[in-house]
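> Using only what follows, build the 3D model:
(one chain, ligands or ions: 1)
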Amino acid sequence: MKKSKRRKKSNTWKIKQHRDQFFKKSKTLGYRSRAAFKLIELDKKFRFLKENTNLLDIGAYPGGWSQVARQKIDTGKIMSLDLEKMEEIKQVSFLQDDFLKDSTRLQILKFFKGNLDVILSDMAADTTGNKSLDCIRTNQLCSEAIEFSYKNLKKNGVLVSKLFMGEDFLQVKDLAKSKFEKVQFFKPEASRNESKETYIHCAILKTL
Ligand SMILES: C[S@@+](CC[C@H](N)C(=O)[O-])C[C@H]1O[C@@H](n2cnc3c(N)ncnc32)[C@H](O)[C@@H]1O
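Below is the predicted model of the structure:
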């Protein structure tokens, strides 16, 4: 077998192993998605899920992140939002709608009444087959989450969002830095190495 073919086969094997490892773990622990482990790692690093946190989970389906958030948050309110219908999670209010719509945003604001501590966004745009375009479209969703968070989080609020290390990565980073005092990046182990996915953690709103 040619060297390049052997390398490709070994990479495919590694990706499958990685996927299977987190898939099995999520089944054992009752999580709806492997993504749950990404949030567990993110929280271990940044410690934003506290007992009375009021939290919005955008792009929540099938619900792994919301499950983890509900386990860690004791008394705080949780709202989850997705384009897809999500199976109920106890004590999580679910809204099936588009985050980009004004009417959706109004419903979110009505729910939290100015008391929003943490916004999570794991939103990903539908894939088109064009990786560069997919990155840009998902990063646009991240930018929308940054703008919304800046307008609606409490002063010491936190935003954690998915983004891709694509060509517009620096633009998104600059946007975040213009709105938050502290901006950090972290790629959880549960996120595949080959994927350009990473997560941005933004804390403390800047005052103009
Ligand atoms: C990677 S999945 C989220 C996985 C989830 N964090 C979990 O733990 O199970 C990305 C989700 O983003 C949602 N999404 C994409 N664009 C959206 C939008 N404009 N409004 C709401 N949800 C959106 C998709 O429907 C998809 O379910």
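
> residues contacting the residue positioned nearest the centre of the chain?
The C-alpha lying nearest the average C-alpha coordinate of the chain belongs to Asp122 (C-alpha atoms, centre = their mean; 2.5 Å). Listed by C-beta atoms under 8 Å, 6 or more residues apart in numbering, the contact partners of Asp122 are Ala35, Lys38, Asp57, Ile58, Gly59, Ala60, Trp65, Ser161, Lys162. Heads up, the C-betas are built off the backbone N, CA and C, glycines and all.

> burial count for the last one?
Number of residues near Lys162 (other C-beta atoms under 10 Å) recorded here: 23.

> That one in helix, strand or coil?
Each residue gets one of three states, and Lys162 gets strand by DSSP: H, G, I helix; E, B strand; the rest coil.

> Spatially nearest residue to it, not counting backbone neighbours?
Asp122 (5.1 Å; C-beta to C-beta, 6 or more residues apart in numbering).

> separation between the one you found and Leu153?
17 Å (C-beta to C-beta, to the nearest Å).

> same thing with Leu159?
7 Å.

> okay, the two: which has more neighbours?
Leu159 (27 against 23).

> Does that one touch Cys202 like I think?
Yes: counting by C-beta atoms under 8 Å, Leu159 does reach Cys202; the two are 4.4 Å apart.

> Overlap of the contact sets of the two?
What both Leu159 and Cys202 touch, as defined by C-beta under 8 Å, 6+ apart, is the set Ile146, Ser149, Phe180.

> now those residues in a markdown table, with secondary structure and neighbour count?
Listed next are the shared contacts of Leu159 and Cys202 as a markdown table, based on DSSP: H, G, I helix; E, B strand; the rest coil; neighbours: other C-beta atoms under 10 Å:
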| residue | secondary structure | neighbour count |
| --- | --- | --- |
| Ile146 | helix | 25 |
| Ser149 | helix | 25 |
| Phe180 | strand | 23 |
